[in-house]
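In: please work out how this folds:
(chains A and B, ligands or ions: 4)
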Protein chains: 2
Amino acid sequence: TIFVITPTYARFVQKAELTRLSQTFLHVPQLHWVLVEDSPHKTPLVASLLANSGLAYTHLHTATPKERKLQDGDPSWLKPRGAEQRNEGLRWLREDRGAQQGADSQQGVVYFADDDNTYSIQLFEEMRGTQRVSVWPVGLVGGMRYERPVVEGGKVVRFHTGWRPSRPFPLDMAGFAVSVKMVLANPDACFDGNAPMGFLESSFLQGVVTMEELEPKADNCSKVLVWHTRTEKPKMKREDALQAQGLGSDTAVEV
Amino acid sequence: TIFVITPTYARFVQKAELTRLSQTFLHVPQLHWVLVEDSPHKTPLVASLLANSGLAYTHLHTATPKERKLQDGDPSWLKPRGAEQRNEGLRWLREDRGAQQGADSQQGVVYFADDDNTYSIQLFEEMRGTQRVSVWPVGLVGGMRYERPVVEGGKVVRFHTGWRPSRPFPLDMAGFAVSVKMVLANPDACFDGNAPMGFLESSFLQGVVTMEELEPKADNCSKVLVWHTRTEKPKMKREDALQAQGLGSDTAVEV
Ligand SMILES: O=c1ccn([C@@H]2O[C@H](COP(=O)(O)OP(=O)(O)O)[C@@H](O)[C@H]2O)c(=O)[nH]1
Ligand SMILES: O=c1ccn([C@@H]2O[C@H](COP(=O)(O)OP(=O)(O)O)[C@@H](O)[C@H]2O)c(=O)[nH]1
Ligand SMILES: [Mn+2]
Ligand SMILES: [Mn+2]
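Out: Ligands and ions are numbered 1, 2, ... in the order given. You can find the predicted model right below:
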């Protein structure tokens, strides 16, 4: 099983993002979607989307504390996003797997998939065989065409990145998967929501793996199968103007 | 068959967009993708993406004349995008269907699907029964939560839109489908690349249907099954800096 942990938060494009994401995941055999809302409660929009998705899933929620949340106008790099939600996903996974009997409970892979990226269905077949931590390129990230681990003789020897290649693991969240076994064997490994910019991935991976152990996938990290796309925030100028006249869109219509 | 006509153009996010789009279409039975590149020639990136997509497809191309193309810095509403490409798709369809024998060649539906929107797979089942022109809401378009035809007694009586409701067909490109029969019966109907902003859809629909004939879908136009999402243009600051030092990303890696 591939356990895909996705943080998500309410905004105009949320349903669109989750819709296209769920349609990608629907092509992947034995995928279990762990969708974690950044919210003090589960929302009906997400609950019914999951119920109608055709996917195996677990619906969780945990609100990012106010002081860790980006404020309007903050630059997006100021604070990491989704850290608490990924940790909540890990907590559930450790509890759920711990409750299962037998060797099967140790099987499987964990992938952290943000709700706005673009995933090729091939990516999931690449990660399925992960022993500890597997890695691959990510497109359109960090101000680059792509970032990737550089592989020599089948081993990761350094990283192609435009920024601080000396970070412990200069990898984007979308660029690695971890085996369930390693998640269970390292019960304290989690994401540090206070990590400085660019060190969130490292805060988790340092507790799980060494650079020498990384398993390169996607043809020795030569193929881009995931893209760090971002969706524009839609403008609502006309909606606001019509609403002021009492002629706004029907709020009973879910968008 | 649903013939989906999609204009597309080379840019950093193109492969990502076409990847997630193709994975959505792959869920839809009897879909034929007519992908039309805005380019003087077919590109290898698009050709190999189509060949590996698992979809039935036709690969076309036609370059938008320079004087009709948006220039860097132009506001995006200045000129319509994709008009020539949709017309090229219509030209191919009329020729291809004309060459088929029998009543079957008149069967099917045509939908104009931009490469950056988000489509629920349910949308395609809604449009499958189109007799002439079917219509439904579009989310996150025109500065509104959604735009939609307003239905009374099973008929479209007006349009909920934030701008010029008096346009002949104040509908977004993503908000209607046409039967192959009507496309063939009106051989001159096409998109006017010189149409003023907001009138591109009308330039085609006026030649095909009247408002009274519109067939409302998606529960009398009460459900949003397509979203006019737009993808951010990725920044390439670090790529440019590394390239200046001869350390840029390998151009042989397709992104
Ligand atoms: O307040 C927030 C902002 C973001 N996210 C989620 O965290 C992940 C990363 O956020 P985003 O895509 O905005 O980050 P970026 O694209 O800047 O890396 C996504 O799955 C978001 O849905 C969240 O849970 N709460
Ligand atoms: O120079 C261009 C710009 C856009 N398009 C295509 O035309 C459609 C509409 O363009 P876009 O999505 O940029 O328009 P908007 O989101 O502003 O409606 C999309 O399928 C694009 O890929 C194109 O063929 N050539
Ligand atoms: Mn993101
Ligand atoms: Mn668009």
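
In: how about the residue in the stretch 151-255 of chain A that ligand 4 sits nearest to, what does it touch?
Out: Proximity to ligand 4, evaluated over the stretch 151-255 of chain A using CB to the ion, is greatest for A:E232 at 9.5 Å. Every residue, glycine included, has its C-beta placed from N, CA and C. By CB atoms under 8 Å, 6 or more residues apart in numbering or on different chains, the contact list for A:E232 reads B:229-232.

In: what do you get if the cut-off is 6 Å, keeping everything else the same?
Out: Counting by CB atoms under 6 Å, 6 or more residues apart in numbering or on different chains, A:E232 touches B:230, B:232.

In: could you tell me the phi and psi values at it?
Out: Dihedral pair for A:E232: phi -60, psi 150, per degrees, to the nearest 10.

In: ok, now which ones touch the residue positioned nearest the centre of chain A?
Out: In chain A, the centroid-proximal residue (CA atoms, centre = their mean) is A:A113; its distance is 2.5 Å. By CB under 6 Å, 6+ apart, A:A113 lies in contact with A:4, A:6.

In: state the distance from A:D114 to ligand 4.
Out: A:D114 is 21 Å from ligand 4, where distance means CB to the ion, to the nearest Å.

In: quick check: that residue is in a strand.
Out: No - looking at A:D114 with DSSP: H, G, I helix; E, B strand; the rest coil, it is coil, so not inside a strand.

In: if we can go back for a sec, from B:K233, how far off is the residue of the stretch 151-255 of chain A closest to ligand 4?
Out: Distance, A:E232 to B:K233, by CB to CB, to the nearest Å: 9 Å.

In: and A:M211, by the same measure?
Out: According to CB to CB, A:M211 stands 33 Å off from B:K233.

In: between those two, which one's more packed in?
Out: Comparing A:M211 with B:K233 by neighbour count (other CB atoms under 10 Å in any protein chain shown), the higher total belongs to A:M211, at 16 against 12.

In: so which residue of chain A comes closest to ligand 2?
Out: Using CB to the nearest ligand atom, A:E232 is the residue of chain A that sits closest to ligand 2, at 9.0 Å.

In: and the longest helix for chain A?
Out: In chain A, taking DSSP state H as the definition, the longest helix is helix A:83-99.

In: so what secondary structure elements neighbour that helix?
Out: strand A:2-8, strand A:31-37 (3 or more CB pairs under 6 Å, 6 or more residues apart in numbering or on different chains; DSSP states H and E).

In: okay, those strands, which one's buried deepest?
Out: Most buried of the helices and strands packed on helix A:83-99, by mean neighbour count (mean count of other CB atoms under 10 Å in any protein chain shown): strand A:2-8, with a mean of 25.

In: just want the angle from the helix or strand that that one is followed by to strand A:31-37.
Out: Downstream of strand A:2-8, the next assigned helix or strand under DSSP states H and E is helix A:14-25. Angle of helix A:14-25 versus strand A:31-37, following axes from the mean of the first three to the mean of the last three CA atoms, to 10 degrees, is 160 degrees.

In: now check helix A:14-25, is it near ligand 1?
Out: No - using CB under 6 Å from any ligand atom, helix A:14-25 stays clear of ligand 1, with a minimum separation of 7.5 Å.

In: got a list of contacts for that helix?
Out: Contact partners of helix A:14-25, identified using CB under 6 Å, 6+ apart, comprise A:31, A:33, A:49, A:53, A:55, A:115-116, A:119, B:20, B:23-24, B:118, B:120-121, B:227, B:229.

In: ends of stretch A:162-172, how far apart?
Out: Counting by CA to CA, to the nearest Å, you get 12 Å between the two ends of stretch A:162-172.

In: in it, which residues are buried?
Out: Residues of stretch A:162-172 classed as buried: A:162-163, A:169-172 (neighbour count, 16 or more other CB atoms under 10 Å in any protein chain shown).

In: what's the neighbour count on A:S48?
Out: Number of residues near A:S48 (other CB under 10 Å) recorded here: 12.

In: is it true that it lies in a strand?
Out: No - counting by three-state DSSP, A:S48 is not found in a strand; it is helix.

In: what about it, distance to A:H59?
Out: The gap separating A:S48 from A:H59 is 11 Å, by CB to CB.

In: run a quick neighbour tally on A:V180.
Out: The burial count for A:V180: 20, using other CB under 10 Å.

In: contacts only, for it.
Out: Shown in contact with A:V180 (CB under 6 Å, 6+ apart): A:G108.

In: that one and A:F169: what is the separation?
Out: Applying CB to CB, the value for A:V180 to A:F169 is 19 Å.

In: next: A:K155.
Out: Per CB to CB, A:K155 is found 15 Å from A:F169.

In: just A:A189 next, same as before
Out: Distance, A:A189 to A:F169, by CB to CB: 12 Å.

In: again, but for A:S76
Out: Distance, A:S76 to A:F169, by CB to CB: 21 Å.

In: residues in the stretch 51-200 of chain A within reach of ligand 3, list them.
Out: A:114, A:116 (CB under 5 Å from the ion).

In: please enumerate the helices of the stretch 51-200 of chain A.
Out: For the stretch 51-200 of chain A, the helices defined by DSSP state H, counting those that start in this stretch occupy A:83-99, A:121-127, A:180-185, A:200-205.
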